[in-house]
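Colleague: Okay, predicted coordinates and the sequence, questions at the end:
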Amino acid sequence: MNNEEYMKKCINLALQADGDTSPNPLVGCVVTDKFGNVLSIGYHKKCGQNHAERDALLKITPEIAKGGILYVNLEPCSHYGKTPPCADLIVEYGLSKVVVGMRDVNPIVAGNGIEKLKIAGIDVEEGVLEDECKKLNEVFIKNMTKKQTFVAIKTATTLDGKIATKNGSSKWITAEKARGEVQKIRHRYDALLTSSETVLADNPSMIHKCNVLIDRTLKTLEKDYKVYKNKNIIVFYDENLAQPIKEGVRFIKAPVVGGKIDLKFVFDKLYELGVMSVLIEAGGKLNGSALKFADKIYHFIAPKILADNEGRSCFDCRHVEDINLSDMFEIDSVERFEPDLMLTYYPISQ
Ligand code: AOF
Ligand code: ZN
């Protein structure tokens with residue numbers, strides 16, 4: 001196996017905890033002897049628990065590890081956090097080489113871990129599968145570098161970009177396999193976010209770690225919608241209304257701009273509350289307004305055509321006269337969930 005293959009193994013190990021480590025990164029680690037025989041593997045399972053390097057090293061002794069190579073997708077840490085520095089443990093274990101996927105963007109580490117290893121005489125190779133490693137930790141990178149929550153949108157449309165008919169008929173556009181994938185995607189995000197329109201139209205259960213609702217006029221309080229059966233629910237509403245009371249629900253006053261709740265305020269507030277990533281599942285209006293904040297879009301496409309101009313579109317918030325004024329994206333992947341497709345795309349910063 002070569003460096004890239006060991007790094008791929010680290011990424012796959014890290015992914016075993018996908019959705020469970022927030023606010024921490026996804027990290028996997030492989031330790032080999034100098035001939036490339038795997039001695040131990042590990043990964044970071046949950047915030048507060050051992051880092052990947054410690055998880056792997058504590059399964060073997062320094063005698064076994066001595067002279068070996070450690071592969072890890074993120075630079076080993078140099079700080080005393082919830083656990084002591086991994087760089088120190090690597091030095092103690094007498095490894096001869098460390099292969100790193102990407103430098104840590106956490107300012108308290110940022111190169112210090114690599115420096116510690118080099119000072120101890122360990123050979124460090126950086127940047128192996130760096131792009132994949134950065135993609136793996138796109139949420140962590142946004143959180144650390146921008147101090148903002150990572151915003152993703154999931155939508156499911158017909159081939160002609162419709163999410164429902166004019167009267168709101170939308171069940172179901174995609175088939176079972178695509179809907180199974182949606183469950184997996186949801187698990188990766190700290191919170192799900194939707195609008196009062198979607199609650200009123202579809203009454204989704206939204207069973208998740210944290211559920212966020214944008215309901216400017218508090219229309220969803222008029223009936224017993226399923227979303228309110230959840231434990232952790234946050235509702236953003238017009239700051240000019242009186243504070244409602246409903247057991248187990250957190251109501252947050254938000255400014256209204258142009259008749260809509262200010263999404264910048266919502267995302268900033270969510271970050272403040274420790275929500276590191278949010279997946280928006282809503283209609284065209286909220287999706288459209290959220291587009292300028294979106295870091296990533298998951299777009300399922302069913303092989304169907306509605307062919308009705310009045311059908312509802314997946315992004316719908318403005319009138320544009322010139323095609324050159326379209327927002328631009330880069331398609332990252334195309335996957336099949338038969339009979340449907342899933343495109344994953346990222347905005348191109350302009
Ligand atoms: C992880 N897991 O495997 C590695 C991390 O809160 P602490 O003390 O666990 O420290 C978290 C920081 O440690 C994190 O922001 C990142 O900079 C660094 N590396 N973190 O959770 C790991 N290697
Ligand atoms: Zn560490």
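Modeller: Yep, it's here. Nothing here was measured: the structure is a model prediction, and the numbers come from that model. Ligands and ions are numbered 1, 2, ... in the order given.
Colleague: Closest residue of the stretch 51-200 of the chain to ligand 1?
Modeller: Going by Cβ to the nearest ligand atom, ligand 1 is nearest to residue 81 of the stretch 51-200 of the chain, at 2.0 Å. (C-beta placed from N, C-alpha, C; glycine too.)
Colleague: same question but for the stretch 151-300 of the chain, I mixed them up
Modeller: Here the residue of the stretch 151-300 of the chain nearest ligand 1 is residue 276; by Cβ to the nearest ligand atom that distance is 11.1 Å.
Colleague: Now for that residue, how many residues are close by?
Modeller: Counted with other Cβ atoms under 10 Å, the neighbours of residue 276 add up to 21.
Colleague: before we move on, the earlier item: pLDDT score for the residue of the stretch 51-200 of the chain closest to ligand 1?
Modeller: The model reports residue 81 with a pLDDT of 89.
Colleague: Can you get me a residue count around it?
Modeller: Residues near residue 81, counting by other Cβ under 10 Å: 13.
Colleague: Assumed it was part of a helix.
Modeller: No. Judged by DSSP: H, G, I helix; E, B strand; the rest coil, residue 81 forms no part of a helix; its state is coil.
Colleague: Roughly how far does it sit from residue 140?
Modeller: As judged by Cβ to Cβ, to the nearest Å, residue 81 and residue 140 stand 14 Å apart.
Colleague: Near ligand 1, which residues of the stretch 51-200 of the chain? Just list them.
Modeller: Counting by Cβ under 6 Å from any ligand atom, the stretch 51-200 of the chain comes close to ligand 1 at 51, 52, 74, 77, 81, 82, 83, 86, 104, 106, 109.
Colleague: redo that, cut-off 8 Å
Modeller: 51-55, 72, 74-77, 79-83, 86, 104-106, 108-109, 140, 144 (Cβ under 8 Å from any ligand atom).
Colleague: Show me which of these are buried.
Modeller: 51-55, 72, 74-77, 83, 86, 104-106, 109, 140, 144 (16 or more other Cβ atoms under 10 Å).
Colleague: Just the ones of these in strands?
Modeller: Here DSSP state E is the test, and these give 72, 74 as lying in strands.
Colleague: isn't the residue of the stretch 151-300 of the chain closest to ligand 1 right up against residue 147?
Modeller: No. Judged on Cβ atoms under 8 Å, residue 276 makes no contact with residue 147 at a distance of 10.8 Å.
Colleague: Report the contact partners of the residue in the stretch 251-350 of the chain positioned nearest to ligand 2.
Modeller: Of all residues in the stretch 251-350 of the chain, the one sitting closest to ligand 2 is residue 276 (18.3 Å; Cβ to the ion). The contact partners of residue 276, by Cβ atoms under 8 Å, 6 or more residues apart in numbering, come to 22, 23, 139, 140, 143, 149, 150, 190.
Colleague: For burial, what's the neighbour tally of the third one?
Modeller: Residues near residue 139, counting by other Cβ under 10 Å, number 23.
Colleague: Just confirm residue 10 is within a helix.
Modeller: Yes. Judged by three-state DSSP, residue 10 forms part of a helix.
Colleague: and the closest residue to it other than its chain neighbours, what does it touch?
Modeller: Nearest non-adjacent residue to residue 10, counting by Cβ to Cβ, 6 or more residues apart in numbering: residue 28, 3.9 Å away. Residues near residue 28 by Cβ under 8 Å, 6+ apart: 9-16, 41-44, 52, 72-73.
Colleague: circling back: are any of the contacts of residue 276 buried, and which?
Modeller: Here, 16+ other Cβ under 10 Å leaves 22, 139, 140, 143, 149, 150, 190 buried among the contacts of residue 276.
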